[in-house]
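Trainee: could you look at this predicted model? Sequence included:
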Amino acid sequence: SYNTMTEYASGAEYEGRCSDLGNCQTGDGVRYKGRGYIQITGRYNYRSYGGYIGQDLEGNPTLAEQPSIAAQVALQYWNRVVKPSVSNFADTTAVTKLINGGTNGLSDRQVKFAQYKSACGVSLGFNQTLDDMLV
């Protein structure tokens, strides 16, 4: 619900996750906890997405909390990870798994997506994509 731009947890659970998050140094878990609209997590992602948007997120991880930077990170993630992998953007399960790594919060996302579609006057068919909606 975009209630926070910083993960509520300390990030300690990400400590030592070198192989998947790039958190290889002591303190990386807390330093590179989830931030922004999609809660980017891990030294590797801060370095990568900071590079994509021209910001030193690895050196200044709290920059990812700023709405304009968080939006740029989210768009880069969508274009690089979600868009190439999902053909039907109304499939909130598939999109959630790519962004969240699982289905945590899925029912809330489904409700919010339905509200979004209704508010926008959009009726998505099963195979309709976001690109089709924007035409």
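Mentor: In hand now; what should we look at?

Trainee: name the element A9 belongs to?
Mentor: Using DSSP states H and E, A9 is not contained in any helix or strand.

Trainee: that one: how many residues sit nearby?
Mentor: 12 (other Cβ atoms under 10 Å). Just so you know, the C-beta spots here come from the backbone N, C-alpha and C atoms, and that holds for glycine as well.

Trainee: next: L21.
Mentor: 19.

Trainee: ditto for V111
Mentor: The number of residues packed around V111, counting by other Cβ under 10 Å, is 11.

Trainee: what about the helix or strand harbouring it, distance to the chain center?
Mentor: Here V111, judged by DSSP H and E, is contained in helix 106-120. Between the mean C-alpha point of helix 106-120 and the mean C-alpha point of its chain there is a distance of 17 Å (Cα atoms, centre = their mean, to the nearest Å).

Trainee: in a strand, N79, correct?
Mentor: No - per DSSP: H, G, I helix; E, B strand; the rest coil, N79 lies outside any strand segment and is helix.

Trainee: which residue packs closest to L57, ignoring adjacent ones?
Mentor: Spatial nearest neighbour of L57, excluding adjacent residues (Cβ to Cβ, 6 or more residues apart in numbering): G50 at 3.1 Å.

Trainee: residues touching that neighbour, list them.
Mentor: By Cβ atoms under 8 Å, 6 or more residues apart in numbering, the contact set of G50 is D56, L57, E58, L63.

Trainee: perfect, that will be all.
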